[in-house]
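Colleague: Could you work out the structure for the sequence below:
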Amino acid sequence: MYTSLLALHSLIRWLVLISLLFTICRAYRGWLLNKAFFKFDNTVRYITVTIVHIQLTIGLWLYFISPIVHYFLYNFNTAVHQRQIRFFGMEHITVMLISIVLITIGSAKAKRKTTDKEKFRTIAIWFSIALVLILSSIPWAFSPLTSRPYFRPF
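Modeller: Numbering: from 1, shown residues only. Next comes the predicted model:
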């Protein structure tokens, strides 16, 4: 089950990134070009937040069954000095949780704004900050800190 969840988590990260980029592009376009906030924009916002929350659920499930995290929690004094163990035991989950909170807050604030420009602006700012944090905490294949493959097999 662990390897299947890990593969699914790895796959959904691409959906998270694509939906975030699409939503952010639409938000900046709407904000800077004074476009109308259509039902489609609201649907895009909603779908992006939903995908992010699905990723959160799978990520938390993985966190609690991961052998790496288990080692980290039960050998904290040693594990905190091991870069890859610390990354998955503490850094990855912390930054991702902060990012998801930012996306959720940004989405909720945007929903309550009265003007189209404010809605786009709120989404653009909050989601962009979250995206930067997410990009910094994904274990990319090229990362010298900790790396994982771009796609994991099921």
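
Colleague: in the lowest-mean-pLDDT helix or strand in the chain, what counts as buried?
Modeller: Using mean pLDDT, DSSP states H and E, helix 83-86 stands out as the lowest-scoring helix or strand of the chain, at a mean of 92. Neighbour-count burial for helix 83-86 flags 85-86 (criterion: 16 or more other Cβ atoms under 10 Å). Just so you know, the C-beta spots here come from the backbone N, C-alpha and C atoms, and that holds for glycine as well.

Colleague: Spatially, what comes nearest to the most centrally placed residue in the chain if we skip its sequence neighbours?
Modeller: With distances taken as Cα atoms, centre = their mean, Ile134 lies nearest the centre of the chain, 5.1 Å away. Leaving aside its sequence neighbours, Ile134 sits nearest to Ser99 (Cβ to Cβ, 6 or more residues apart in numbering; 4.8 Å).

Colleague: What's the separation between the one you found and Val49?
Modeller: Distance from Ser99 to Val49, counting by Cβ to Cβ, to the nearest Å: 12 Å.
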